[in-house]
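# predicted model follows, preceded by the sequence.
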Number of protein chains: 2
Amino acid sequence: MRYELYYWPGIQGRGEFVRLALEEAGADYRDVARTRGGETKMLALMGDPRVKHPPFAPPFLRAGRLLIAQTANILAYLGPRHGLCPRGEAGRLFVHQLQLTIADFVAEIHDTHHPIGSGLYYEDQKREAQRRAEDFLANRAPKFLGYFEDVLARSGGTYLAGRRPSAADLSVFQVVAGLHYAFPRAMRRLERRVPRVAALAGRVAARPRIAAYLESPRRIPFNQMGIFRHYPELDR
Amino acid sequence: MRYELYYWPGIQGRGEFVRLALEEAGADYRDVARTRGGETKMLALMGDPRVKHPPFAPPFLRAGRLLIAQTANILAYLGPRHGLCPRGEAGRLFVHQLQLTIADFVAEIHDTHHPIGSGLYYEDQKREAQRRAEDFLANRAPKFLGYFEDVLARSGGTYLAGRRPSAADLSVFQVVAGLHYAFPRAMRRLERRVPRVAALAGRVAARPRIAAYLESPRRIPFNQMGIFRHYPELDR
């Protein structure tokens, strides 16, 4: 089956967590909004009253007759089909739990530069962003990263849920890469306290399909419109 | 099977979405942290290095040998076991998608009074809270509520995913009730634009088990420590 991924074409954003899973799986997919006329098609689909299960926002995935939205939901759908989660119920639930914790982390990362409103410019909430980023780097980032470090220490394996990488492992790589882009100074310091997380990110990046993807034009570079943005004044 | 729910004893918080599902299901459960010595037990479990799948934060649910964290993950586990989601894959994925959208909404509601940091006092971020709440009431709340109104218009049933209530329907009730507590003035105005959502909330509240629960001492009243807080200065 050929999947259709729908996501804003100019950014990695939340769509990137799905792209990484599709790439690691070697799945056949089309990144629709990045094809000619694709963004118009995406917007038309979002506004189409005949769609029975409308998405609140991209990303969403068409898989045969299914239209699935919400990043973690898409990954929970793909996981068992492509070996991106353990087979047993306990492991599968745990990987989804980790994925939802990553989603919370990502929302907080986004809000470091948009603490007042996602519809306002950064420049209009710069002062608030400085306070929020400071609290994020001092308290929240260490807490989330420390949690994943602890999970790795307990997993008894190379990855979060054992010896094989799950979608959550790919997502942790993405978050670590994004934090290095957004907060290079703070992240060098933070990463020293979470060596297992740093090693995991390196391990994911070195996986053949992920490495090939990262080198390809399919990987959109980090930029100042996505979740992870580099504003030097926020990187203390 | 008797479930054990673990959540902070003094607030509804995110635990309330799980309580509502357990109550509607007529499930046998113990709200552990509200029993004698229970909060200590919860904290001990969170710090126990022998727990293989540690939670990042409450709520978490013990179901036999499983320990499951993240609100939406717990509800995805309970749904098929207690008739709180459709039987088919498409409907089940859609209810989880709605649940994750509600989780995003809830995080934004929380941040109206804590836009800078969840570890700081409201008083230390009051000015920022006023800006964030203003944007929330003008843009975000209408967008989320309008989305659920649209889903109800398309569902062709009484509830979000058809003729039977899902965990997501119970959660929409909780969000509507919470918004009325936090923003009584704004919510009266907002609700007029989403009559289906208002009717859904009323329908859930009138379900026999939910009505009995809401009247019982098991329902913690809304208060100024939870997600939904009433600060008149934020309710424009």
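Thanks, I have it. Since the model is a prediction, treat every value here as computed from it, not as a measurement. Numbering: from 1, shown residues only, chains lettered A, B, ... in the order given.
# can you report phi and psi for residue A:8?
Dihedral angles of residue A:8 (phi, psi; degrees, to the nearest 10) stand at phi -50, psi 130.
# nearest spatial neighbour of it, chain-adjacent residues omitted?
Nearest in space to residue A:8, with sequence neighbours left out and distances taken as C-beta to C-beta, 6 or more residues apart in numbering or on different chains, is residue A:58 at 5.9 Å. Quick note: C-beta positions are derived from backbone N, CA and C, even for glycine.
# quick one: the one you found is in a helix?
No - counting by DSSP: H, G, I helix; E, B strand; the rest coil, residue A:58 falls outside a helix, being coil.
# that one touches residue A:15, doesn't it?
Yes - under the criterion of C-beta atoms under 8 Å, residue A:58 makes contact with residue A:15 at 6.6 Å.
# between those two, who's got more neighbours?
Set side by side, residue A:58 and residue A:15 give different neighbour counts by other C-beta atoms under 10 Å in any protein chain shown, the larger being at residue A:15 (25 against 22).
# ok, for the more buried one, nearest residue in space, not its chain neighbours?
By the measure of C-beta to C-beta, 6+ apart, the closest residue to residue A:15 outside its immediate chain neighbours is residue A:7, 3.0 Å from it.
# tell me how many other residues crowd that neighbour.
The tally of other residues near residue A:7 (other C-beta under 10 Å) stands at 26.
# from what I see, it and residue A:57 are in contact.
No - if you go by C-beta under 8 Å, residue A:7 and residue A:57 don't touch, sitting 9.7 Å apart.
# export the host helix or strand of residue A:185 as CSV, just CAs?
Under the criterion of DSSP states H and E, residue A:185 resides in helix A:184-192. Extracted in CSV, the C-alpha atoms of helix A:184-192 (Å, rounded to 0.1, in the frame of the first residue of the first chain):
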residue,chain,number,x,y,z
PRO,A,184,23.2,24.8,20.7
ARG,A,185,24.9,26.3,23.8
ALA,A,186,22.4,25.0,26.4
MET,A,187,22.1,21.6,24.7
ARG,A,188,25.9,21.0,24.9
ARG,A,189,25.6,21.4,28.6
LEU,A,190,22.3,19.5,29.0
GLU,A,191,23.4,16.6,26.9
ARG,A,192,26.4,15.8,29.2
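# which parts of the longest helix seen in chain A are buried?
Within chain A, and with DSSP state H defining each element, the longest helix by residue count is helix A:89-113. Buried residues in helix A:89-113, defined by neighbour count with 16 or more other C-beta atoms under 10 Å in any protein chain shown: A:91-113.
# near chain B too, which of those?
When contact is defined as C-beta under 8 Å from any C-beta of the partner chain, the buried residues of helix A:89-113 meet chain B at A:93, A:94, A:96, A:97, A:100, A:101, A:103, A:104, A:107, A:111.
# on the three-state scheme, the closest residue to the first one other than its chain neighbours is what?
Right, the one you point to is residue A:93. With sequence-adjacent residues excluded and distances taken as C-beta to C-beta, 6+ apart, residue A:93 is closest to residue B:68, at 5.4 Å. The three-state label for residue B:68, taken from three-state DSSP, comes out as strand.
# could you report the neighbour count for residue B:68?
Neighbouring residues of residue B:68 were enumerated by other C-beta under 10 Å; the total is 25.
# bridging residues for it?
For residue B:68, the beta-bridge partners under DSSP bridges are residue B:61.
# from what I can see it touches residue B:61, true?
Yes - applying C-beta under 8 Å as the test, residue B:68 and residue B:61 come out as touching, 4.9 Å apart.
# any residues in contact with both of those two?
Both residue B:68 and residue B:61 are in contact with B:74, B:77, where contact means C-beta atoms under 8 Å, 6 or more residues apart in numbering or on different chains.
# look up how far residue A:57 lies from the residue sitting furthest away from the middle of chain A.
Of all residues in chain A, the one whose C-alpha sits farthest from the chain's mean C-alpha position, using C-alpha atoms, centre = their mean, is residue A:50 at 29.5 Å. Using C-beta to C-beta, to the nearest Å, we find residue A:50 at a distance of 19 Å from residue A:57.
# okay, residue A:129: pLDDT?
Reading off the per-residue confidence, residue A:129 sits at a pLDDT of 97.
# contacting residues for the closest residue to residue A:205 other than its chain neighbours?
Nearest-residue entry for residue A:205: residue A:173, 6.1 Å, with adjacent residues in sequence omitted and distances by C-beta to C-beta, 6+ apart. The contact partners of residue A:173, by C-beta under 8 Å, 6+ apart, come to A:20, A:200, A:201, A:204, A:205, A:210.
# so residue A:207 makes contact with residue A:25?
No - because the distance of 11.4 Å does not satisfy C-beta under 8 Å, residue A:207 is recorded as not touching residue A:25.
# how about the strands in chain A?
Remark: strands of chain A, listed N- to C-terminal, are A:3-6, A:29-31, A:60-63, A:66-69; assignment by DSSP state E.
# stretch A:40-47: how far from the chain's middle?
The gap between the average C-alpha position of stretch A:40-47 and the chain average comes to 23 Å, counting by C-alpha atoms, centre = their mean, to the nearest Å.
# could you see whether chain B lies near that stretch?
No - if you take C-beta under 8 Å from any C-beta as the test, stretch A:40-47 misses chain B, and the best it gets is 10.3 Å.
# quick one: mean pLDDT for that stretch?
pLDDT averaged over stretch A:40-47 equals 96, rounded to a whole number.
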